[in-house]
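next input, structure requested:
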Amino acid sequence: MNLEGKYPLHILPEPWLLYEKLYGSKRGLFFMNGEEWLKNRRIMNKYLLKEDSENWLIKPIKSPIEKFISLWRSKSKTEDFVPNLECDFYRLSTDVTIQILLGTKESFVQSKYYDDLLNLFSESVKKIFKTTTKLSGYPIELCQQFNLKVWRDFRECVDMSTNLARKIVKEILNKKQESDGLISKLCNENISDEDVTKIVADFVIAAGDTTAYTTLWILFVLSRHPEVIRELRSKEKKHVQFVIKETMRLFPVAPFLTRILTKESILGQYKLNAETPVVASIYTSGRDEQNFSEADKFLPYRWDRYDPRKQDLANHVPSASLPFAMGARSCIGKKIALLQLTEVIHQIVENFDLECINASAVAPIMSQVLVPNKDINLKVSRRKD
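Just a heads-up that it's a prediction; the model follows:
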């Protein structure tokens, strides 16, 4: 952290940089650097990361989750069902983000058009990460010059995602005087509508994959550990956070932390030149026995300082698990993600029984983010006890 400097730089996927260069698409915090990044990051920190920010965030987060749980209860009313978890959680994450932008006073009219729009947006965001991964195996500039299908697919889903995100943001901007959400707060900081649009549009795009896949991984490991579900049901809601931390240690959605050194630095025993990219594997450090005893086991109680079972675990280095990165350029949506994950997992555990029905083993693979190598199929039924 001491080496990242006042304006930390990170590595961006080459297809995203080429797209921005070719089409002049101004993007949000993730793409900003220097003073522009610091100015806007400080404003976002003020509303999303301050100690009391959960006071205004929790209500817009809870509302879409309650609707989501109600829908699952309706589907499981007469028989068990197997949801499309990836689609459901992408849609939920997008719903939560939009409600945060609007606040508690306003909401979009729920209509078939709105549902279709969100489904289209969620699918296009998913494709960004899949097509980016495909492009990583090719010379990107040649793919673009010859307009190969792999480049066309990437460009089309980025075009669609950014256009839909901007459309959503502009709709909310039209209601900014009536709302009390994030967009209204940013406008009160005298940020131009154009800057608000590009910052928030990227925020909407980024929210989908990380929280959706983390929710999916949590339910997967819980379905394989019914004893943990029983324990959660007998304890306070705050214990869900230990399940979240343990799942993110084993399956960090962003498995690599990257920085580009801004000046010549000494890192450990190495002298590194300025502009050297540094990559840390959070996936590896989270599964290292030197950092976590019984590192490959799912043991949520290792995060509970008051649990007597923890004394049997010799090694526990919390800083070895950094699912939200670290320092000034850590994940701006960390608090939103934790509030959303805590609420949705608590509600699912309280209302439903889960059974994993995959016939073969599920393993994590990289697709820009850490995803399962096959669809995770869970049978969901009304809680029987």
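
what's the nearest residue to S281 if we skip its chain neighbours?
Using CB to CB, 6 or more residues apart in numbering and skipping the chain neighbours, the partner closest in space to S281 is F256 (5.9 Å). Yep, even glycine has a C-beta here, placed from its N, CA and C like the rest.

dump the residue contacts of that neighbour.
Contacts for F256 (CB atoms under 8 Å, 6 or more residues apart in numbering) come out as V279, A280, S281, I282, Y283.

measure the fourth one to V253 for me?
As defined by CB to CB, to the nearest Å, I282 lies at a distance of 10 Å from V253.

overlap in contacts of these two?
Overlap of the contact sets of I282 and V253 (by CB under 8 Å, 6+ apart) consists of P323.

of the contacts of F256, which belong to strands?
Counted as lying in strands by DSSP state E, out of these, are V279, A280, S281.

burial check on L261, number of neighbours?
By the measure other CB atoms under 10 Å, the count of residues near L261 is 19.

right, and it touches E275 too?
Yes - taking CB atoms under 8 Å as the definition, L261 is a contact partner of E275 at 6.6 Å.

next up, the contacts around the nearest residue to Y283 once chain neighbours are set aside.
The spatial neighbour of Y283 that comes closest, neighbours along the chain excluded (CB to CB, 6+ apart), is P255 at 3.8 Å. Shown in contact with P255 (CB under 8 Å, 6+ apart): S281, I282, Y283, M366, V369, L370.

for stretch 368-375, how far is the first residue from the last?
Terminal residues of stretch 368-375 lie 17 Å apart, using CA to CA, to the nearest Å.

in the helix ranked longest in the chain, which residues are buried?
If you go by DSSP state H, the chain has its longest helix at helix 193-223. By 16 or more other CB atoms under 10 Å, the buried positions in helix 193-223 come out as 195-223.

same question for stretch 234-246.
Neighbour count says stretch 234-246 has H239, V240, Q241, F242, V243, I244, K245, E246 buried, by 16+ other CB under 10 Å.

please, where are all the strands along this protein?
With DSSP E as the criterion, the chain has strands spanning 256-260, 265-267, 270-272, 277-281, 352-356, 364-367, 369-372, 378-382.

deepest in the core, which of these is it.
Neighbour counts (mean count of other CB atoms under 10 Å) averaged over each of the strands of the chain peak at strand 369-372, with a mean of 20.

ok, back up a step: output the contacts of P255 in CSV; the columns should cover pLDDT and distance to R73.
Below are the contacts of P255 laid out as CSV (pLDDT from 0 to 100; distance: CB to CB, whole Å):
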residue, pLDDT, distance to R73
S281, 95, 40
I282, 95, 36
Y283, 96, 35
M366, 88, 35
V369, 89, 29
L370, 93, 30
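
now for the residues you listed: which two are most distant?
Spanning the widest gap among those are S281 and V369, at 14.2 Å by CB to CB.

V253 is in contact with V369, correct?
Yes - using CB under 8 Å, V369 is in contact with V253, at 4.8 Å.

give the residues shared as contacts by those two.
D209, T210, Y213.

the residue nearest to the last one when sequence neighbours are not counted: how many residues sit nearby?
Leaving aside its chain neighbours, Y213 sits nearest to V253 (5.0 Å; criterion: CB to CB, 6+ apart). Per other CB under 10 Å, the neighbour tally for V253 reads 24.

quick one: contacts for the spatially most central residue of the chain?
Note on the chain: the residue nearest the mean C-alpha position is T210, at 2.3 Å, using CA atoms, centre = their mean. Counting by CB under 8 Å, 6+ apart, T210 makes contact with V253, A254, C331, G333, A337, V369.

ok, E79 to V380 distance?
10 Å.

actually T262, not the one I wrote
Distance, T262 to V380, by CB to CB: 49 Å.

show the end-to-end separation of stretch 19-33, please.
17 Å.

now that stretch: mean pLDDT?
Stretch 19-33 carries an average pLDDT of 85.

cool, stretch 264-279 as well?
For stretch 264-279, mean pLDDT is 94.

what does that stretch contact?
Contacts of stretch 264-279 (CB under 8 Å, 6+ apart): L3, I11, F256, L257, T258, R259, I260, L261, T262, K263.

and if we set it to 6 Å?
L3, I11, F256, T258, R259, I260, L261, K263 (CB atoms under 6 Å, 6 or more residues apart in numbering).

likewise stretch 165-183?
100-103, 105-106, 184, 187, 193, 197, 200-201, 204-205.

pick the one among the residues you listed closest to Y23.
Minimum distance to Y23 across the contacts of stretch 165-183 is 14.3 Å, recorded for A201 (CB to CB).

show me what contacts that closest one?
Listed by CB under 6 Å, 6+ apart, the contact set of A201 reads A165, R166, V169.

against Q241, how distant is it?
Noted for A201: a distance of 30 Å to Q241, by CB to CB.

with L29 instead?
Taking CB to CB as the criterion, L29 is separated from Q241 by 26 Å.

again, but for E294
Distance from E294 to Q241, counting by CB to CB: 20 Å.

please apply the same query to V371.
23 Å.

P64 now?
20 Å.

could you find the closest non-adjacent residue to Y19?
Spatially, and ignoring its direct neighbours in sequence, Y19 is nearest to V158 (5.7 Å; CB to CB, 6+ apart).

what count of nearby residues applies to the one you found?
Using other CB under 10 Å, V158 has 23 other residues around it.

next, the contact list for L261, please.
With CB under 6 Å, 6+ apart, L261 has these contacts: L272, A274, T276.

closest to Q145 out of those?
Within the contacts of L261, proximity to Q145 (CB to CB) peaks at T276, which comes in at 29.4 Å.
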